[in-house]
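Enquirer: generate a structure from the sequence data that follows.
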Amino acid sequence: MPGYIVYWPQDRVKELERAGDTGPIKVVLGSIHSRMPTIASVREGDVVFPVTLIKKQLFVMARLPVEHREPAFDYCIRELGGVHGALIPEGVALEWDGGGNHHYRGYRSKRYNHPEDLPEGTRLVTLLEQVEKPHQKHQEPFNCCSQWAAWGEHGSAIRPRPIPPELVPGLRFGHPKSKEKALRFDKNGGILAMSLQSTRRLSPETLEIFEAVFAGE
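Expert: Below is the predicted model:
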């Protein structure tokens with residue numbers, strides 16, 4: 001069972017706190033941008049740990065066993081009722097009403113003025129299907145151009161859990177073992193955020209440390 005970390009910046013964590021979103025975590029989303037990096041490598045059966053930095057110390061926010069993986073667009077339309085900036089997949093078009101400027105948006109943001117202009121076989125998501133549904137704040141992408149959604153029904157509560165500081169220097173990320181790397185630190189021993197700002201696979205030993213944080217929950 002491979003494990004991965006994804007980074008939640010502090011403004012995202014504060015946003016969840018203001019919304020009173022303590023989980024349980026249902027989904028992790030990835031975009032094509034570094035702020036919410038891709039999760040294309042994550043598969044069903046993996047486990048994902050969102051992490052954050054608090055005063056340059058590492059905290060794990062949640063644990064999500066991945067039971068399903070699908071385009072973020074499909075997840076957002078079904079579970080949230082709206083696209084929320086997700087990329088439109090190939091073969092799909094979205095009916096759009098921009099203040100009376102009615103049109104259709106397709107793959108790679110291609111615009112069509114009439115439904116009959118859509119390529120043959122295109123699945124059209126109409127305005128009637130775009131009705132906002134009750135959901136938790138963490139289910140919304142916190143960046144545009146989300147591409148994939150990894151989700152499951154057995155996620156943990158969302159709250160900061162510290163990784164014991166004495167274990168942090170020994171954490172390793174990457175696969176296979178010959179490509180494993182440690183986190184990067186500043187001259188004062190604080191973790192550099194840039195070393196977390198990508199989806200990184202945990203080494204088997206590091207996965208054990210992360211799993212131990214959730215023991216008993």
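Enquirer: show me what contacts the nearest residue to residue 19 once chain neighbours are set aside?
Expert: Distances taken as C-beta to C-beta, 6 or more residues apart in numbering place residue 137 nearest to residue 19, at 3.8 Å, with adjacent residues excluded. (Glycine included, C-beta is placed from N, CA and C.) Shown in contact with residue 137 (C-beta atoms under 8 Å, 6 or more residues apart in numbering): 15-16, 19, 21.
Enquirer: swap in 10 Å and give it another go.
Expert: For residue 137, the contacting residues are 12, 15-21, 158, by C-beta atoms under 10 Å, 6 or more residues apart in numbering.
Enquirer: would you point out the most distant pair within those residues?
Expert: 12 and 20 (14.8 Å; C-beta to C-beta).
Enquirer: of those two, give the one with the bigger neighbour count.
Expert: Ranked by neighbour count (other C-beta atoms under 10 Å), residue 12 and residue 20 place residue 12 first, with 19 against 8.
Enquirer: surely that one forms part of a helix?
Expert: Yes - secondary structure of residue 12, determined by DSSP: H, G, I helix; E, B strand; the rest coil: located in a helix.
Enquirer: sorry, back to before: any chance of CSV for the contacts of residue 137, columns pLDDT?
Expert: CSV is the format used below for these (pLDDT from 0 to 100):
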residue, pLDDT
12, 95
15, 96
16, 97
17, 96
18, 97
19, 96
20, 97
21, 97
158, 98
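Enquirer: now those: which count as buried?
Expert: Burial by neighbour count, 16 or more other C-beta atoms under 10 Å: within the contacts of residue 137 this picks out 12, 15-16, 21, 158.
Enquirer: helix/strand/coil for the residue in the chain sticking out farthest from the centre?
Expert: Computed with C-alpha atoms, centre = their mean, the residue of the chain farthest from its C-alpha average is residue 116, at 34.8 Å. Here residue 116 takes the helix state, with states given by three-state DSSP.
Enquirer: for residue 104, see how far away it is.
Expert: Distance from residue 116 to residue 104, counting by C-beta to C-beta, to the nearest Å: 10 Å.
Enquirer: which parts of this protein are strands?
Expert: 3-7, 27-31, 47-54, 57-60, 64-65, 68-71, 92-98, 101-105, 111-112, 123-125, 146-151, 161-162, 200-201 (DSSP state E).
Enquirer: and the spatially most central residue of the chain, what are its bridge partners?
Expert: For the chain, residue 29 is the residue whose C-alpha lies nearest the centre (C-alpha atoms, centre = their mean; 2.3 Å). Counting by DSSP bridges, residue 29 is bridged to residue 149.
Enquirer: how much space separates it from residue 18?
Expert: Residue 29 sits 19 Å away from residue 18, going by C-beta to C-beta.
Enquirer: equivalent analysis for residue 108, please.
Expert: Counting by C-beta to C-beta - residue 108 and residue 18 are separated by 34 Å.
Enquirer: now residue 53
Expert: 19 Å.
Enquirer: likewise residue 86?
Expert: As judged by C-beta to C-beta, residue 86 and residue 18 stand 23 Å apart.
Enquirer: what of residue 55?
Expert: Using C-beta to C-beta, residue 55 is found at 20 Å from residue 18.
Enquirer: and if you look at residue 189?
Expert: With C-beta to C-beta as the criterion, residue 189 and residue 18 are 31 Å apart.
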